[in-house]
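[1] Just to be clear, the model below is a prediction. Sequence and coordinates:
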Protein chains: 2
Amino acid sequence: MSVSSPATKANRRREAANRESWQRITGSEPVVRDVRPAGEVLPGMSRDLVLTSGAPLPWDEYVGGQREAIIGAAQYEGLATSRDEAIAKLTSGEIRVGACHDFGAVGSLAGVYTASMPVFVVENINSGNVGYCNFYEGNEPKRLNYGVYDADVQQRLDYVHQVIAPVVGEALRRIGGLPLRPIIRRALQMGDELHSRNTAATLLFTRALVPALLEMAREGDERIGEVLEALDGNDYFFLRLSMAAAKAMADAGAGIPGSSVVTAMGFSCRGFFIRVSGLGEAWVRGPHATVQAKLFDGHTEDEITWMGGESPITETVGLGGFAQAGAPGLQRYQGGSPDLMVQRNLEMYEITVGEHPHFLIPYLGFRGTPTGIDVERVVATGILPVMDIGIAGRDGGQIGAGVIRAPSQCFTQAVELLNS
Amino acid sequence: MSVSSPATKANRRREAANRESWQRITGSEPVVRDVRPAGEVLPGMSRDLVLTSGAPLPWDEYVGGQREAIIGAAQYEGLATSRDEAIAKLTSGEIRVGACHDFGAVGSLAGVYTASMPVFVVENINSGNVGYCNFYEGNEPKRLNYGVYDADVQQRLDYVHQVIAPVVGEALRRIGGLPLRPIIRRALQMGDELHSRNTAATLLFTRALVPALLEMAREGDERIGEVLEALDGNDYFFLRLSMAAAKAMADAGAGIPGSSVVTAMGFSCRGFFIRVSGLGEAWVRGPHATVQAKLFDGHTEDEITWMGGESPITETVGLGGFAQAGAPGLQRYQGGSPDLMVQRNLEMYEITVGEHPHFLIPYLGFRGTPTGIDVERVVATGILPVMDIGIAGRDGGQIGAGVIRAPSQCFTQAVELLNS
């Protein structure tokens, strides 16, 4: 009989806990059930709340585009009739600000949610938990989520909320919900990594709705043609479903005592944060990520600004930067070379618990994507998680795309907290 | 002033002719206009004809599955009421056999065409020539094109010809035709190589028809749902469009005096053939290709049989095996590794005139596919064109998939003919 040292025993406990997180994350089966107003379905959501990306901050710490997005969202929801009134009410606390993750949701860029905004309802049928994400605003450079709010932005949001979302919701109900794992799995074999590239997934999602849309058209629904056109023109449409699915998957692996597996990553205007399974709902905060961007013509690096973003939930479950060897087409959009993309993807195996049994990369010989980021391995190897993201500009709008690396401080701090 | 030797002058003439072929092929813009019965649109087609793959042969030289497919096609068309009657009429010449390419068409496997079969009409709008291809039979292992004809095969063909083809044709007419180059271009960035993998292209094609299909459904057409389902289940559906488009592109580069560029490749039960631009419509014949196959479970190499196939028209225009670095997912279907696929793809640059300006491979840094096979380079380098194909079994049906290499004899003979 061998005698284990306390250190070995602790290692085994950690390993078992990590394996449990990993199994729950990779065994997840997300199904998009419905589209409903945030106020009706987000646990704890109320009409005086504006949700936004990142670990929660006092109102006066929100700056730049993220602050503008919150102010714009309050106006959009009718909580204030002017910018000044919105600021006054946010300052007095009459309008409150919350963190998306605390309400089961994930935010894209500034990631603002108000009660009337329709959200995708994605249930993880293997664990019962639900993830939410609101709708893609469209390709226009001026968007609420990039910190711009005016009549054009309002009109576009109204269109998304009053035409696109209801039609998509009705179609989803008619087909009885749609399993997303098969779509993600197929899209990974069609050049998507489900964060910065969602071209195939958007097409597959649209295709799955067509039988219901046909039925609705036969019954006289006049909106079907334009909704299809809108989906067709927005290759990013599926990102919100990818995010909601990733949230539902990641949350399944959360709250395992002793587990050092990351269950959320994201950022606000003030810095990066992660959540770790064994630390429950605690936020581990760090400085901003480092960025390698490819900017659209006419933009410069000094314009790059941080206004929030929780789409790195996709990397948390083995997609995005962790699947970029499957999406060589991204090099045109965010820079880099195919070799570099493969090399970065391979690096991620060094810091993850295992290979995803369903998310496979043809170019890596159908190897499963590296899944379940272990903060201890990140600290031990010095390899930082890589993420594919859209880059926001100082004056609002998207000015490029690129790859970011999470800051090391989040991981060293998480390890300390786990061992304390 | 420099004086050129006769050899250098000849080289320059060859180079200019090849450049002309290459420009016509790569500058092609194929548009699918319509779906019509072969008898109405194929130049020279008549009711007593059965077309089949490969350089033309006397009736008694057709053997095995290709012979069976011709006999079955004659029965399907009602040219004979029994197998014996069909054989008697084919032997007497009352039913004639023709070569697809001589009638503007390309055949998949045995590639049989009869007058009533609907074909895609694909016009190359930059040169005015038209390519044709009939419809995919479906995924059933028993198919006329694999040499099997019985009541089930007949029923399935009737369904394709009487339901799927008319609906697709009507939709195409309603949208005013559909440019195929953008679909091929996008599909190459979504894991297809447009020969053995057409998953994304089929999806993009279907998506393009949806507005017309919606309109038809609104007007009460009851067949739309099932046609969509049929398209969805057949990832190979687009191959016939890819082949018709490739035929329209390749023919644009044909008939340039002195050009050593290949304008068609294919095979019958008796061997491989190529056509070369400077040799016009002559057939240069060789023995069978060599094959590296991955067979479906339960099948063995001695079952592999040749019953015709002109889908290598896709390789002729820089797709299929010449674009396989874009389709790493194919390794599961036809064997090989991603590295081998990239290596094979790179080899093809050694034997082609140039890089396709529109067909780009993300994994090769958006390099254009190697296009315009030069028979002289094939002979000089000893590198034989590589093709992705489905493998037919001795007893009919598909038993696997793999990669074949054209036989060297076709190329040495073509060089001799060009220089004679």
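    Structure's in. What do you need?

[2] Against which helices or strands is the helix or strand bottoming out on mean pLDDT in chain A packed?
    Across the helices and strands of chain A, mean confidence by mean pLDDT, DSSP states H and E is lowest for helix A:331-334: a mean of 86. Contacts defined by 3 or more Cβ pairs under 8 Å, 6 or more residues apart in numbering or on different chains; DSSP states H and E place helix A:331-334 against strand A:290-295, strand A:398-405. Where C-beta positions appear, they are placed from N, C-alpha and C, glycine not excepted.

[3] contact partners of it?
    A:196-197, A:293-294, A:337-338, A:341, A:388, A:400-403, B:362, B:365-366 (Cβ atoms under 8 Å, 6 or more residues apart in numbering or on different chains).

[4] For it, buried residues please.
    A:331, A:333-334 (16 or more other Cβ atoms under 10 Å in any protein chain shown).

[5] Would you tell me which one of those comes nearest to chain B?
    A:Gln331 (6.9 Å; Cβ to the nearest Cβ).

[6] hang on, the earlier thing: quick check, nearest of the buried residues of helix A:331-334 to B:Leu209?
    In terms of Cβ to Cβ, no member of the buried residues of helix A:331-334 lies closer to B:Leu209 than A:Tyr333, at 28.1 Å.

[7] Which residues of the stretch 301-420 of chain A lie near chain B?
    A:328-329, A:331-332, A:337-338, A:362-366 (Cβ under 8 Å from any Cβ of the partner chain).

[8] close enough to count as contact, A:Met265 and A:Val276?
    No: A:Met265 is beyond contact range of A:Val276, at 10.2 Å (criterion: Cβ atoms under 8 Å).

[9] Which of these two has more residues huddled nearby?
    A:Val276 (28 against 25; other Cβ atoms under 10 Å in any protein chain shown).

[10] contacting residues around that one?
    A:259-263, A:282, A:284, A:375, A:414, A:417-418 are the contacts of A:Val276 under Cβ under 8 Å, 6+ apart.

[11] 10 Å instead, please
    A:21, A:254, A:256, A:259-264, A:282-284, A:373-375, A:410-411, A:413-415, A:417-418 (Cβ atoms under 10 Å, 6 or more residues apart in numbering or on different chains).

[12] ditto for A:Leu231
    A:136, A:164, A:167-168, A:202-203, A:205-206, A:209, A:213, A:237-238, B:207.

[13] any chance you could read off phi and psi for it?
    Dihedral pair for A:Leu231: phi -70, psi -40, per degrees, to the nearest 10.

[14] residue ranges with poor pLDDT in chain A?
    Along chain A, segments meeting pLDDT under 70 span A:1-4.

[15] any idea what the residue positioned nearest the centre of it is structurally, helix, strand or coil?
    Central residue of chain A (Cα atoms, centre = their mean): A:Ser311, 2.5 Å from the mean position. Of the three states, A:Ser311 takes coil under DSSP: H, G, I helix; E, B strand; the rest coil.

[16] roughly how far apart are it and chain B?
    Look at A:Ser311 and chain B: by Cβ to the nearest Cβ, to the nearest Å, they are 21 Å apart.

[17] got the contact list for that residue?
    With Cβ under 10 Å, 6+ apart, A:Ser311 has these contacts: A:53, A:106-109, A:111, A:133, A:194-196, A:239-240, A:242-243, A:246, A:265-266, A:319-320, A:387-390.

[18] what do you get for A:Glu303?
    A:295, A:391-395, A:397, A:399-400.

[19] so A:Gly278 makes contact with A:Val261?
    Yes: the pair A:Gly278 and A:Val261 qualifies as a contact (Cβ atoms under 10 Å) at a distance of 8.0 Å.

[20] Can you give me the neighbour number for the nearest residue to A:Gly107 once chain neighbours are set aside?
    Closest residue to A:Gly107 apart from its sequence neighbours, by Cβ to Cβ, 6 or more residues apart in numbering or on different chains: A:Ser53 at 3.8 Å. The local packing of A:Ser53 (other Cβ under 10 Å) involves 30 other residues.

[21] A:Ser53 against A:Gly271, yeah?
    No: under the criterion of Cβ under 10 Å, A:Ser53 is not in contact with A:Gly271, lying 11.6 Å apart.

[22] what is in contact with these two at once?
    Joint contacts of A:Ser53 and A:Gly271 (Cβ under 10 Å, 6+ apart) are A:Trp306.

[23] Domain map for chain A?
    Listed domain ranges for chain A are A:27-241, A:256-419 (source: automatic domain parsing).

[24] which ones among the contacts of A:Ser311 are found in helices?
    Applying DSSP state H to those, the entries found in helices are A:239-240, A:242-243, A:246.

[25] Could you pull out the helices in the stretch 201-350 of chain A for me?
    A:224-233, A:239-252, A:313-316, A:331-334, A:338-347 (DSSP state H, counting those that start in this stretch).

[26] most neighbours per residue, which of the ones you listed?
    Counting by mean count of other Cβ atoms under 10 Å in any protein chain shown, helix A:313-316 has the highest mean neighbour count of those, with a mean of 31.

[27] and that one, how far out from the chain's middle?
    7 Å (Cα atoms, centre = their mean, to the nearest Å).

[28] Just say helix, strand or coil for the residue in the stretch 1-150 of chain A positioned nearest to chain B.
    Nearest residue of the stretch 1-150 of chain A to chain B: A:Asn139, at 17.0 Å (Cβ to the nearest Cβ). Using three-state DSSP, the structure places A:Asn139 in coil.

[29] now the contacts of A:Leu231 in CSV, with distance to B:Ser28 and neighbour count?
    CSV is the format used below for the contacts of A:Leu231 (distance: Cβ to Cβ, whole Å; neighbours: other Cβ atoms under 10 Å in any protein chain shown):
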residue, distance to B:Ser28, neighbour count
A:Tyr136, 36, 23
A:Ile164, 37, 22
A:Val167, 38, 23
A:Val168, 38, 27
A:Thr202, 29, 25
A:Leu203, 25, 27
A:Phe205, 33, 22
A:Thr206, 29, 22
A:Leu209, 34, 22
A:Leu213, 34, 26
A:Phe237, 32, 23
A:Phe238, 33, 28
B:Arg207, 23, 17
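
[30] Let's have the residues you listed in JSON lines, adding distance to A:Arg143.
    Shown next, in JSON lines, are the contacts of A:Leu231 (distance: Cβ to Cβ, whole Å):
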{"residue": "A:Tyr136", "distance to A:Arg143": "9"}
{"residue": "A:Ile164", "distance to A:Arg143": "15"}
{"residue": "A:Val167", "distance to A:Arg143": "21"}
{"residue": "A:Val168", "distance to A:Arg143": "19"}
{"residue": "A:Thr202", "distance to A:Arg143": "18"}
{"residue": "A:Leu203", "distance to A:Arg143": "23"}
{"residue": "A:Phe205", "distance to A:Arg143": "21"}
{"residue": "A:Thr206", "distance to A:Arg143": "21"}
{"residue": "A:Leu209", "distance to A:Arg143": "24"}
{"residue": "A:Leu213", "distance to A:Arg143": "26"}
{"residue": "A:Phe237", "distance to A:Arg143": "14"}
{"residue": "A:Phe238", "distance to A:Arg143": "17"}
{"residue": "B:Arg207", "distance to A:Arg143": "25"}
